[in-house]
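>>> could you look at this predicted model? Sequence included:
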Amino acid sequence: MKRTTRLRAFIETESSALTATLRLYVARAGLSDLPLDAAAQDLLNDVVVEALAHEDRFVTTGEPRAWLLGIAANLVRRRQSDRAKREQREPLIRDLVADDASDDELFDHLCALAEDPYEHDDEIAELVRTLTPDDQRVIRLAILADMDGDSLARELGITPGAARVRLHRALIRLRSVYGKAKADA
C-alpha cells in the first residue's frame, strides 16, 4: 500500500514537471501531429495508466521520476515502432507507370491489360516478361485478378504474410526493371 500512495502522490505533485520532460521526449521523437503540449499531456496520460497498471513492480526505495520516465521512454519507442509499421507500404501500381497518368488513365490502362496483357501494351508486357514466372503470377493475380492478401495467399497456397512479402518483392523487382527501361529510353 505504501508503494501506491508514494507513486500516486508523486504523480499528482510532479505532473507539471513530468509534462515538461515528456514535451522534450515527444519533440525529439517527432511523434505527434498535435501541438507539443497536447502530445506531451497525451503521453503523460499513457505513462500514468501504464504505471498504475504495473505499480506492483515499483520498488519503494526507487525514484518514482526515473521509473515513470523509463515507462515514457518505452512508450515512445513503441509509438515510433508503430508509426514505422504504419508508414511501410507496398508500392502503388501508380508508381510503376508514367508519373503524369491520371487515375482514370491508369484504370483504363489496367483494364486493357486485364483483357490481354500482351496485346495492348508491348512495353508493360515486355517488362512483365523480364520477371520470373513466380513474380509474373503474383503480379497478375494481385493486379489483374484484383486479389487481396487473403485470396492471393489461398491461390498461391501460402500464408497471407508470405503472399504480401512475395507481392512486395515482385513489385520492387518490376519497379526496378521499369526504372532501368525508363532510364535507357
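Here it is on my side, so go on. Quick caveat: nothing in here was measured; it's all calculated off a predicted structure.

>>> how far does the helix or strand where S81 lies sit from its chain's centre?
Element membership of S81, judged by DSSP states H and E, is helix 64-87. Its chain's C-alpha centre and that of helix 64-87 lie 16 Å apart, by CA atoms, centre = their mean, to the nearest Å.

>>> which positions in that helix come out as buried?
64, 67-69, 71-72, 75-76, 79 (16 or more other CB atoms under 10 Å). Every C-beta, even on glycine, is put in place using the N, C-alpha and C of the backbone.

>>> hmm, I71 is touching L52, no?
No. Using CB atoms under 8 Å, I71 is not in contact with L52, being 10.4 Å away.

>>> which residues in the protein form helices?
Remark: helices assigned in the chain by DSSP state H are 2-29, 36-53, 64-87, 103-115, 117-120, 122-129, 133-139, 149-156, 160-184.

>>> which residue is the nearest non-sequential neighbour of E14?
R65 (6.9 Å; CB to CB, 6 or more residues apart in numbering).

>>> tell me who's in contact with that neighbour.
Applying CB atoms under 8 Å, 6 or more residues apart in numbering to R65 gives the contacts 10, 14, 18.

>>> separation between the second one and D134?
Going back to what we said before, that points to E14. Applying CB to CB, to the nearest Å, the value for E14 to D134 is 59 Å.

>>> with the first one instead?
Between F10 and D134 the distance is 59 Å, computed by CB to CB.

>>> which of these two has more residues huddled nearby?
A count of neighbours by other CB atoms under 10 Å puts F10 above the other of F10 and D134, at 18 against 12.

>>> ok, the closest residue in space to the more buried one that isn't next to it in sequence to A17 distance?
Once flanking residues are discounted, F10 sits nearest to P64: 3.9 Å by CB to CB, 6+ apart. Noted for P64: a distance of 11 Å to A17, by CB to CB.
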